[in-house]
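# starting from these lines, generate the structure:
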Amino acid sequence: MSMQVATKGNQTVATLGERSVSLVKLSVEQVATTPFQDQKPGTSGLRKKTVVFKKPNYTENFVQAILDGVGPDVIKGSHLVVGGDGRHYNKEAISLILKIAAANGVSKVTVGKDGILSTPAVSAIIRKLGASGGIVLTASHNPGGPANDFGIKYNIANGGAAPEKVTNAIFEKSKTIDRYFIAKDLNAPLDQIGVQQFAVGDDQLFQVSVIDSCDIYVELMKELFNFRQIAAYLHHFKFNILINCLNGVTGPYAERVFIKELGCPEESVVNRVPLEDFGGLHPDPNLTYAKVLVDEMAKGKHDFGAAFDGDGDRNMILGKNAFFVNPSDSLPVIAHNSQLIPYFKNKTSGFARSMPTSSALDRVGAKLGKKVYEVPTGWKFFGNLMDAGEICLCGEESFGTGSDHIREKDGIWAALAWLQILAAHPTQPASVESVLMDYWGVYGRNFFTRYDFEEVDSEAANKVMEKVEGQLGALLGQVLEEGVRKYKVALADNFSYTDPIDHSVTTKQGLRIVMEDGSRVIFRLSGTGSSGATIRLYIEAYESDPACFKLDPQAALQPLVAIALRLSDLVALTGRDRPTVIT
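Purely as a prediction, here's the structure:
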């Protein structure tokens, strides 16, 4: 935003139209620095231990590399949205971002009060306000605190995570950076809602707009769902819900949505105060790290349970007696029942899933006449498809589900989608289990599990992947046996993806072994950790016999698990005889 200025000492009088404002003039400094060679963003930005980000110039370098990588044509005069999940170092990092953004010609930054914004809210705010992009401070589902993880990622103007061409440009800038620009004296308190204005350099007005963290997001949810119908259902059937925010960023949002808007009792939302270390909890909504929710749901006092991760984009759904909804089932269930959700009525666009996610969604798409896309892991790969109007619903097996209302996965949205389906279901009273059984009755069940071997020595993890990849060519057409089960290999490859919109190619996205009956074994190294490597093993098998629908997935998939461990020699190469997490 340009202005007319008159300077006297360190005071600047800024004239905007007929209005004059006295501002403190801030100088811009160029600070010499040296590059770090480890600032390559992963599928969800740059994640490291917090102590790494606290190294002198480490955060400053990466923020400057973001602005340089995005380019002055976007950054000069731009409006950015900034916020994070409240973990340790969140406020300090925001302070640096504001100072560096001001020094690089950004005109306005919108920040959540106290620096708090969920990842879905950042996307919603970018889209609502027409911002140029945003910077999200989170390590998602990873633990927080001084000894744990922190992260920074850039979102583009559509509200989604930056595509690879942008993150690659950021990485290249980070490897050669020799200076950053900063307005060191800029001080913008984040504890009061309102607009703060600063004069930066010779003639630049810089605004910091501190907003309520929840308003825009909650209003969007009320546009997508029939809150009155959901509230009436909960009240009429005395349907008790339990929402566990794991002391992450979703606490204020869940309080607004479930307590204030839907009228649920105060005790329905627990662990709802965002804490810098998540209260010692691991904010990952799965059966291992959200066990406190699982145990409480197992008591049978609640009909519906949900947990969300640190930054609010992941979800776990449970029914009465801790009936678990696998994320690979949650996505196709929502797709199958999408016409019960007001937002999806009359939508004709298709669906998408990440490659490792169960192919159950493909069956729903075929029945409904919807095209289903298979993309690499990483929500950014859904963005082009959404922007082109090709898909309206998508998800990943890693507890991420969402639609084209924003360009991020959305935990609270997923819980509301389930509650909307329950409230509008033709069979009443509906339960989580009855909805899932109804779905399996139509399509059959795709048994699915994921084994996570976390913080594996990187060299050992690479040896596992090399062992499997070295066999892919010879596996084609082979019959793999375990006990009485036999599987003939129909496809064995390292998954690659050509974006149908911009035709960009993404390679080496996971090792696939697909059987003639549709069963799948997939190996993939994850990019969401901050240290070591995480090996993810995905196993899937289809069953059409209703008598088998309630089998324990671990029992149903045991033959394929044994085959996968044997092919990879994982136990011997890593020294791990059991996974860290089983989904």
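# and the residue nearest to the spatial centre of the chain, helix, strand or coil?
The centroid of the chain falls nearest to Asp313 when counting by Cα atoms, centre = their mean (4.3 Å). When classified by DSSP: H, G, I helix; E, B strand; the rest coil, Asp313 comes out as coil.
# what about it, distance to Ile94?
Asp313 sits 19 Å away from Ile94 when distances are taken as Cβ to Cβ, to the nearest Å. In short, each C-beta sits where N, CA and C put it, glycine included.
# and Asn423, which of the three is it?
To be clear, residue 423 is Ala; Asn isn't right here. Following three-state DSSP, we place Ala423 in the helix state.
# what about the closest residue to it other than its chain neighbours, which SS state?
Distance criterion Cβ to Cβ, 6 or more residues apart in numbering; nearest residue to Ala423, sequence neighbours excluded, is Tyr233 at 3.6 Å. With three-state DSSP as the basis, Tyr233 sits in helix.
# does Tyr233 touch Phe227 like I think?
No: applying Cβ atoms under 8 Å as the test, Tyr233 and Phe227 come out as separate, 10.7 Å apart.
# what lies in contact with the helix or strand containing Phe62?
Using DSSP states H and E, Phe62 maps to helix 58-70. Helix 58-70 has contacts (Cβ atoms under 8 Å, 6 or more residues apart in numbering) with 31, 33, 35-36, 39, 46, 52-53, 75, 93, 96-97, 100-101, 104, 106, 133, 135, 152, 154, 162, 166-167, 169-174, 177, 179-182.
# 6 Å instead, please
33, 39, 53, 75, 93, 96-97, 100, 104, 154, 169-170, 173-174, 177, 180 (Cβ atoms under 6 Å, 6 or more residues apart in numbering).
# which ones among the residues you listed are found in strands?
154, 180 (DSSP state E).
# specify the beta-bridge partners of Phe448.
Beta-bridge partners for Phe448, by DSSP bridges, are Glu540.
# what is the burial count for it?
Here the count is done by other Cβ atoms under 10 Å, and Phe448 has 25 residues near it.
# which pLDDT value goes with it?
Note on Phe448: pLDDT of 95.
# ok, now which ones touch it?
With the criterion set at Cβ under 6 Å, 6+ apart, Phe448 makes contact with 326, 328, 358, 540.
# do that again at 10 Å, thanks
When contacts are counted by Cβ atoms under 10 Å, 6 or more residues apart in numbering, Phe448 touches 326-329, 356-360, 397, 520, 538-542, 553, 556-557, 583.
# Pro553 versus that one, what's the distance?
7 Å.
# so what sits against both of the two?
Residues touching both Phe448 and Pro553 (Cβ under 10 Å, 6+ apart): 326, 539-541, 583.
# out of the residues you listed, which comes closest to Val200?
Proximity of these to Val200 was ranked by Cβ to Cβ; the top entry is Thr583 with 48.1 Å.
# what about Asp452, how many residues nearby?
Neighbour count of Asp452, defined by other Cβ under 10 Å: 20.
# which non-adjacent residue is nearest it?
On the basis of Cβ to Cβ, 6+ apart, the spatially nearest residue to Asp452 that is not a chain neighbour turns out to be Val581, at 4.2 Å.
# repeat that for Asp191.
If the residues on either side of it in the chain are set aside, Asp191 comes closest to Asp114, at 6.0 Å by Cβ to Cβ, 6+ apart.
# that neighbour against Asn90, yeah?
Yes: counting by Cβ atoms under 10 Å, Asp114 touches Asn90, with 8.9 Å between them.
# which stretches of this structure have low pLDDT?
1-22, 527-531 (pLDDT under 70).
# circling back: shared neighbours, Tyr233 and Phe227?
Common contacts of Tyr233 and Phe227 (Cβ under 10 Å, 6+ apart): 262, 419-420, 423.
# can you tell me the closest non-neighbouring residue to Gln39?
In space, Gln39 is closest to Ser174, 3.9 Å off (Cβ to Cβ, 6+ apart).
# wouldn't that neighbour be in contact with Asn57 here?
No: in this structure, Ser174 is not within contact of Asn57 by Cβ under 10 Å, at 11.4 Å.
# between these two, point out the one with more neighbours.
In terms of neighbours (other Cβ under 10 Å), Ser174 is the more surrounded of Ser174 and Asn57; the figures are 23 against 16.
# so where do the strands sit in the stretch 251-400 of the chain?
Secondary structure of the stretch 251-400 of the chain (DSSP state E, counting those that start in this stretch): strands at 269-270, 304-308, 315-319, 323-325, 350-354, 372-375, 391-396, 400-403.
# please identify which of these is closest to Asn494.
Among these, strand 372-375 sits nearest to Asn494 (Cβ to Cβ), with 14.3 Å.
# Arg127: neighbouring residues, count only.
When neighbours are counted by other Cβ under 10 Å, Arg127 registers 19.
# which helices and strands does the one helix or strand Gly441 maps to pack with?
Take DSSP H and E as the rule and Gly441 turns out to sit in helix 432-443. Helix 432-443 makes packing contacts with strand 315-319, strand 323-325, helix 327-336, helix 360-368, helix 411-424, strand 445-456 when contacts are defined by 3 or more Cβ pairs under 10 Å, 6 or more residues apart in numbering; DSSP states H and E.
# pull out the buried residues from it.
432-436, 438-440, 443 (16 or more other Cβ atoms under 10 Å).
# likewise for stretch 422-429?
Within stretch 422-429, the residues scored as buried using 16+ other Cβ under 10 Å are 422-425.
# again, but for stretch 454-472
454, 456, 460-461, 463-465, 467-468, 472.
# repeat for stretch 41-55
For stretch 41-55, by 16+ other Cβ under 10 Å, it's 41-50, 52-54.
# quick one: those as TSV, columns for distance to Arg566 and secondary structure too.
Listed next are these as TSV, based on distance: Cβ to Cβ, whole Å; DSSP: H, G, I helix; E, B strand; the rest coil:
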residue	distance to Arg566	secondary structure
Pro41	35	coil
Gly42	30	strand
Thr43	29	strand
Ser44	32	coil
Gly45	36	strand
Leu46	36	strand
Arg47	32	strand
Lys48	35	strand
Lys49	35	strand
Thr50	39	helix
Val52	38	helix
Phe53	41	helix
Lys54	44	coil
